[in-house]
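Visitor: curious how this folds, go ahead:
(4 chains)
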2 protein chains.
Amino acid sequence: MEINVKIPKTRNGKATFKLIVDTAVELFYVQGYHNTSIGNITTNAGIAAGTFYLYFPNKLTLYKYILMEFQHDIRKRIAEKVSLVEGRFEKEKEGIKTFINYAIENPHSYNIIWESLYIDKQLFSDYYQGFAKRYERGLEQSIKDGEMCEVDTELVSWILMGVSNFVGLKVLLKLGTDKGSADQVVDQVMNIIKTGIFK
Amino acid sequence: MEINVKIPKTRNGKATFKLIVDTAVELFYVQGYHNTSIGNITTNAGIAAGTFYLYFPNKLTLYKYILMEFQHDIRKRIAEKVSLVEGRFEKEKEGIKTFINYAIENPHSYNIIWESLYIDKQLFSDYYQGFAKRYERGLEQSIKDGEMCEVDTELVSWILMGVSNFVGLKVLLKLGTDKGSADQVVDQVMNIIKTGIFK
DNA sequence: CTAAGATATGAATAACCTTTCATGTTGTGA
DNA sequence: TCACAACATGAAAGGTTATTCATATCTTAG
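Guide: Okay, here's the model as predicted:
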């Protein structure tokens, strides 16, 4: 995806650029993309309306820039964490745990990624398809290693995304009475995935 | 939730009301809530701008009305289907199957329900909390009946919602190469939920 | 037939939003 | 110090949108 962002060249420029991005992230989170105007962003950032256009041609481009930052960030973090443990089950567990923890620590990113479905369906579709593809590779390896049953890896990857997204959502919305930390929630989740829920 | 809708009294009025609702459902689905203006709706419906305000005070109220219609519809349909089968496992299976089939047959409703997160967070939260509560009751019964392991029913209900929502999403986005009908996908999903995925 | 309530119209208003641009300021390499 | 590129400003133009309201038409009970 090509993004038409003007990268600033001086320290001052970089600071203003970051100010715009940070302000937008906060506003998108609090009031949503569509309810946030460029005037909103510049006013909250304490800069003039025209300054925005020094760096971004429009709001959508700013949004895409932010989305890509988060995507890169979350994937990098999951890859790092997963590489530190051995065994497919442990890797899956670490991946889900990292995702949920990331969602809790960065509710902004979680919110902004989901919102893409209502900004540009293609962005959303690309994002989850990309995520699924990564999952599939790992799952196929697990099956080869004899650690996992013969399952439809594509379907299972969507199931696992659904599980982690909704458990993250539950924690995020602060719904219900959570017994303990995210790590404990993830342990429970993994037990369920491992053994199933029916007798 | 109180909704400030003026219910029409004559046959003509009812027809116009329905026309507004149907047009809005279609437009919200195709171009999203935020990209749909009231002018859009009235033009597409072939009525005057002012006519809209005979029945709805604003766009948000119309949206809430539509959302409640869909919620009622989907819950009713799941309850009906679930009541026709015996055994907790079969009931869960039927519930998930009905949900996914509903999503496929009514992509409009699926889309509109998710969008609530970006229109009014409370609406979204209420919706899924309500859904979760229903699930929990069923799950508790299953545990009593000895059909299900001792699990955190609240957590499991969110897991099941995540699974069905994302599998529905996958099918909806027409991602990947789906082998067979929704029913077959659901059979696979239920097998996974039943026995877990790890050896 | 007629009065009244229900329904429908669309021009007008006011608010808000994006984007441009002429002008001004700042920082820095030579 | 000076010249120049980078950065910043905010008023103004031009567009879109929500909402109101004076007016008109339809429907039906009596």
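Visitor: so for A:Lys199, what's the pLDDT?
Guide: Listed pLDDT for A:Lys199 reads 63.
Visitor: can you pull the buried residues of the helix or strand harbouring A:Ile193?
Guide: Assigned by DSSP states H and E, A:Ile193 belongs to helix A:182-195. Within helix A:182-195, the residues scored as buried using 16 or more other Cβ atoms under 10 Å in any protein chain shown are A:182, A:185-186, A:188-193. (Glycine included, C-beta is placed from N, CA and C.)
Visitor: kindly report the same for stretch A:126-140.
Guide: A:127-128, A:131-132, A:135-136, A:138-139.
Visitor: ok, which of the residues you listed also contact chain B?
Guide: For chain B, the contacts drawn from the buried residues of stretch A:126-140 by Cβ under 8 Å from any Cβ of the partner chain are A:128, A:132.
Visitor: list phi and psi for A:Val85.
Guide: phi -120, psi 160 (degrees, to the nearest 10).
Visitor: count of neighbours near the closest residue to it other than its chain neighbours?
Guide: Leaving aside its chain neighbours, A:Val85 sits nearest to A:Glu94 (5.0 Å; criterion: Cβ to Cβ, 6 or more residues apart in numbering or on different chains). By other Cβ atoms under 10 Å in any protein chain shown, 20 other residues sit near A:Glu94.
Visitor: residue boundaries of the helices in chain A?
Guide: For chain A, the helices defined by DSSP state H occupy A:11-31, A:38-45, A:49-55, A:59-83, A:88-105, A:107-115, A:121-144, A:153-172, A:182-195.
Visitor: pipe the ones you listed into TSV and attach mean pLDDT and distance to B:Leu84 per row.
Guide: Written out in TSV, the entries for these read as follows (pLDDT from 0 to 100; distance: least, Cβ to Cβ, whole Å):
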stretch	mean pLDDT	distance to B:Leu84
helix A:11-31	97	43
helix A:38-45	98	51
helix A:49-55	98	58
helix A:59-83	95	42
helix A:88-105	87	35
helix A:107-115	89	34
helix A:121-144	90	33
helix A:153-172	89	26
helix A:182-195	84	27
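Visitor: out of the ones you listed, nearest to B:Phe89?
Guide: helix A:182-195 (14.9 Å; Cβ to Cβ).
Visitor: by how many degrees do that closest one and helix B:153-172 diverge?
Guide: 70 degrees (axes from the mean of the first three to the mean of the last three Cα atoms, to 10 degrees).
Visitor: so helix A:182-195 versus helix A:88-105, what angle?
Guide: Using the same axes, to 10 degrees: helix A:182-195 against helix A:88-105 is 140 degrees.
Visitor: give me the contacts around helix A:182-195.
Guide: A:89, A:92-93, A:96-97, A:100-101, A:104, A:160, A:163-164, A:167, A:171, A:178, B:149, B:151-152, B:155-156, B:159, B:195-198 (Cβ atoms under 8 Å, 6 or more residues apart in numbering or on different chains).
Visitor: one more: stretch A:12-26?
Guide: Contacts of stretch A:12-26 (Cβ under 8 Å, 6+ apart): A:7-8, A:36, A:41-42, A:44-47, A:51-52, A:54-56, A:62-63, A:65-66, A:69, A:108, A:112.
Visitor: out of those residues, which end up buried?
Guide: A:36, A:41-42, A:44-45, A:47, A:52, A:55-56, A:62-63, A:65-66, A:108, A:112.
Visitor: ok, A:Glu94 touching A:Lys81?
Guide: Yes. Taking Cβ atoms under 8 Å as the definition, A:Glu94 is a contact partner of A:Lys81 at 5.2 Å.
Visitor: ok so, going back, the contacts of stretch A:12-26: which ones sit near DNA strand D?
Guide: A:8, A:47, A:51, A:54 (Cβ under 7 Å from any atom of the strand).
Visitor: adding distance to A:Leu27, write those out as CSV.
Guide: Output for those, formatted as CSV (distance: Cβ to Cβ, whole Å):
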residue, distance to A:Leu27
A:Pro8, 21
A:Ile47, 14
A:Thr51, 16
A:Leu54, 19
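Visitor: what is the most widely separated pair among these?
Guide: A:Pro8 and A:Ile47 (12.9 Å).
Visitor: how about the nearest residue to A:His34 once chain neighbours are set aside, what does it touch?
Guide: Nearest non-adjacent residue to A:His34, counting by Cβ to Cβ, 6+ apart: B:His34, 3.7 Å away. By Cβ under 8 Å, 6+ apart, B:His34 lies in contact with A:34-35, A:118, B:118-119.
Visitor: may I have the phi/psi pair for B:His34?
Guide: Main-chain dihedrals, B:His34, degrees, to the nearest 10: phi -70, psi -30.
Visitor: spatially central residue for chain A, please.
Guide: A:Tyr110 (4.8 Å; Cα atoms, centre = their mean).
Visitor: domain map for chain A?
Guide: A:11-57, A:63-195 (automatic domain parsing).
Visitor: can I assume A:Phe131 is in contact with A:Gly162?
Guide: No. A:Phe131 lies out of contact with A:Gly162 (Cβ under 8 Å); the separation is 11.4 Å.
Visitor: hey, C-alpha coordinates of stretch A:15-35 in CSV?
Guide: C-alpha atoms of stretch A:15-35 as CSV (Å, rounded to 0.1, in the frame of the first residue of the first chain):
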residue,chain,number,x,y,z
ALA,A,15,7.7,16.9,16.4
THR,A,16,4.7,18.5,14.6
PHE,A,17,4.2,15.3,12.6
LYS,A,18,4.2,13.2,15.7
LEU,A,19,1.8,15.6,17.4
ILE,A,20,-0.7,15.3,14.6
VAL,A,21,-0.4,11.5,14.7
ASP,A,22,-0.7,11.2,18.5
THR,A,23,-3.6,13.6,18.6
ALA,A,24,-5.4,11.8,15.9
VAL,A,25,-4.9,8.4,17.6
GLU,A,26,-6.4,9.7,20.7
LEU,A,27,-9.4,11.4,19.0
PHE,A,28,-10.1,8.4,16.7
TYR,A,29,-10.2,6.3,19.9
VAL,A,30,-12.4,8.6,21.9
GLN,A,31,-14.9,9.7,19.3
GLY,A,32,-14.2,7.6,16.3
TYR,A,33,-12.8,8.2,12.9
HIS,A,34,-15.9,9.7,11.2
ASN,A,35,-16.7,12.0,14.1
